[in-house]
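Colleague: The following comprises the amino acid sequence and a computationally predicted model.
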Amino acid sequence: MANLYSYVPSQVKVSVFGIDLVGLAKDSFISIERIDNLVSFRKAQDGSHTGFVDSYGSYRVTITLSQVSESNEFLHLIQKLYKVLGTNLRMSISIRETASLAVGNQGTTFSASDCFFETEPSSEFGAELGNRTWTFICHDGNYEIRGTSEASFVAESLSTIMSLIGYMGVAESMGFTAPKIMNMVQKGIDSAETRLKNLF
């Protein structure tokens, strides 16, 4: 089966206020970390636990730029404005990973419109080119983790998951079966491969 996706670092784009940042660091240049736990628990007197899901998580987003990137000046100007306006200035941040060989598809994405500077970046000067690290706190982020490996892996994984659910009787009670889901996913993959082949 053809490989529909591939990972290319240059295809990862990050924008602030809709403006793409340039001059990302060569090594690790973006990190996205959820600050608070997804699930919290409350213990009852009988020892049982109840889980509560926090669907509106806050994230720490770290963006590392080369020290010579003009985007450093852009971000610092926004930060100065942020100091004046305080919490009245809410930034929007978008991170998107484009699957270079798949038309109309994306890898992992993150977006939030309620972002704030956590701190100013530190500066170091030496014989070699350094980096500037910008850290933001983003509330109520929309975080979608997607792989960029072969699509067949996704189909096989979904089939395995549905099979496990099927053993518990949940899928059948909802009208879903592993073969039915697998067939639907495989049809989508075959259609995507046909469209991709027609491009060449």
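Modeller: Great, that's in hand. Residues are numbered from 1 along each chain as shown.
Colleague: Can you give me the distance of the closest residue to Glu120 other than its chain neighbours to Asp27?
Modeller: Setting aside the residues directly before and after it, Glu120 is nearest to Gln79 in space (C-beta to C-beta, 6 or more residues apart in numbering), at 6.7 Å. All C-beta atoms are positioned from the backbone trio N, CA, C, and that covers glycine. In this view, Gln79 and Asp27 are 24 Å apart by C-beta to C-beta, to the nearest Å.
Colleague: swap in His49?
Modeller: 41 Å.
Colleague: repeat for Glu33
Modeller: 17 Å.
Colleague: Number of residues surrounding Leu24?
Modeller: Counted with other C-beta atoms under 10 Å, the neighbours of Leu24 add up to 21.
Colleague: now swap in the one 4 residues further on and tell me
Modeller: Here the number of neighbours of Ser28 (other C-beta under 10 Å) works out to 11.
Colleague: Make residue 1 into 35 and carry on from there
Modeller: In the new numbering, first residue 35, that becomes Ser62.
Colleague: Tell me who's in contact with it.
Modeller: Thr98 (C-beta atoms under 8 Å, 6 or more residues apart in numbering).
Colleague: let's see it at 6 Å
Modeller: By C-beta atoms under 6 Å, 6 or more residues apart in numbering, Ser62 lies in contact with nothing.
Colleague: Name the single longest strand found in this structure.
Modeller: Using DSSP state E, we find that the single longest strand of the chain is strand 140-153.
Colleague: Please point out which parts of that one sit buried.
Modeller: Within strand 140-153, the residues that count as buried by 16 or more other C-beta atoms under 10 Å are 141-142, 144-146, 149, 151.
Colleague: Packing partners of the helix or strand that comes right after it?
Modeller: Using DSSP states H and E, the helix or strand that follows strand 140-153 in sequence is strand 165-173. Identification of packing neighbours for strand 165-173 by 3 or more C-beta pairs under 6 Å, 6 or more residues apart in numbering; DSSP states H and E yields strand 92-100, strand 140-153.
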